[in-house]
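Participant: I would like to see how this sequence folds:
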Amino acid sequence: MVGDNFLVNKKKVREISRAIAPLDLKWSTLSRTDTVDRESIECMRDAGCIEIKFGIESGSERILHAMGKRTTRAEIVRAVQMTHDIGVGVKAFIIHGYPGENLESTRETIALLRELSGMISRITLFRFVPLPGSPVFETHGNLLRSMGDDWKKSHIHHNPHHWWGTEADFAEVQAGYEELRAFIDQRWGL
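Facilitator: The predicted structure is shown next:
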């Protein structure tokens with residue numbers, strides 16, 4: 001079973017968990033870090049939940065705010081620590097390259113991952129790619145549209161296009177991505 005944000009409705013989480021517990025299933029789900037609570041995670045664990053995948057995205061408060069994540073670094077730490085302490089695995093999704101990303105924000109993400117490294121079992125690192133129709137695409141759309149077919153080749157795992165900021169900004173984002181990727185690869189292996 002996989003849910004987009006299974007932990008939003010606590011009553012349903014507990015009802016579903018209790019209903020499937022006798023089936024002896026092993027399952028995982030996705031969640032925001034600001035929606036988890038101890039009772040729900042314990043109930044999920046008892047029903048066979050082996051991993052919660054959190055969209056952590058960044059360790060930078062500035063980038064989290066710019067993304068509109070409505071979460072803080074402290075909430076991320078609390079959610080990961082609680083999930084780990086209860087005995088449920090943690091997978092983190094990290095997104096790099098949001099407009100405004102730089103070496104400072106990248107290193108804040110590395111610092112957060114270093115702090116949580118013993119509690120996170122897996123990480124997936126993505127490159128930020130604005131989707132057509134999103135606010136970020138609308139803000140930077142002229143440069144994106146000027147790329148023509150090259151832009152259409154962008155993907156969350158490889159987005160080498162300079163689509164926001166100056167050339168210096170782009171070079172810093174690229175350097176930050178390489179530093180973050182090397183850290184994650186060394187600790188978790190990509």
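Participant: now the helices for the chain?
Facilitator: In the chain, the helices defined using DSSP state H lie at 10-20, 38-46, 61-67, 73-86, 103-116, 135-146, 149-152, 167-187.
Participant: what angle sits between the second one and helix 10-20?
Facilitator: Using axes from the mean of the first three to the mean of the last three C-alpha atoms, to 10 degrees, the direction of helix 38-46 lies 20 degrees away from that of helix 10-20.
Participant: buried residues in helix 38-46, which are they?
Facilitator: For helix 38-46, the buried set under the neighbour-count rule, 16 or more other C-beta atoms under 10 Å, comprises 40-45. Placement of C-beta: from N, CA and C, glycine included.
Participant: again with the third one
Facilitator: When neighbours are counted by 16+ other C-beta under 10 Å, the buried residues of helix 61-67 are found to be 63-64, 66-67.
Participant: got the contact list for Ala79?
Facilitator: Contacts for Ala79 (C-beta atoms under 8 Å, 6 or more residues apart in numbering) come out as 31, 33-34, 36, 54.
Participant: apply 10 Å and report the result again.
Facilitator: Counting by C-beta atoms under 10 Å, 6 or more residues apart in numbering, Ala79 touches 7, 31-37, 41, 52, 54, 56, 71, 90.
Participant: so which of those residues sit within strands?
Facilitator: Within the contacts of Ala79, residues falling in strands by DSSP state E are 31, 52, 54, 56, 90.
Participant: quick check: the fourth one vs Asp169, distance?
Facilitator: Going back to what we said before, that points to Ile56. Using C-beta to C-beta, to the nearest Å, Ile56 is found at 23 Å from Asp169.
Participant: any idea how far the closest residue to Thr33 other than its chain neighbours is from Ala92?
Facilitator: Nearest in space to Thr33, with sequence neighbours left out and distances taken as C-beta to C-beta, 6 or more residues apart in numbering, is Ala79 at 3.8 Å. Ala79 is 11 Å from Ala92, where distance means C-beta to C-beta.
Participant: that older thread, select, out of the helices of the chain, the one closest to Ile123.
Facilitator: The closest of those to Ile123 is helix 167-187. By C-beta to C-beta, the value is 5.3 Å.
Participant: show me the contact partners of that closest one.
Facilitator: For helix 167-187, with C-beta under 10 Å, 6+ apart as the criterion, the contacting residues are 59, 92, 94, 96-107, 109-111, 113-114, 117, 120, 123-125, 127-128, 159-166, 190.
Participant: quick one on the thing from earlier: identify the contacts common to Ala79 and Ala92.
Facilitator: Common contacts of Ala79 and Ala92, defined by C-beta under 10 Å, 6+ apart, comprise 33, 54, 56.
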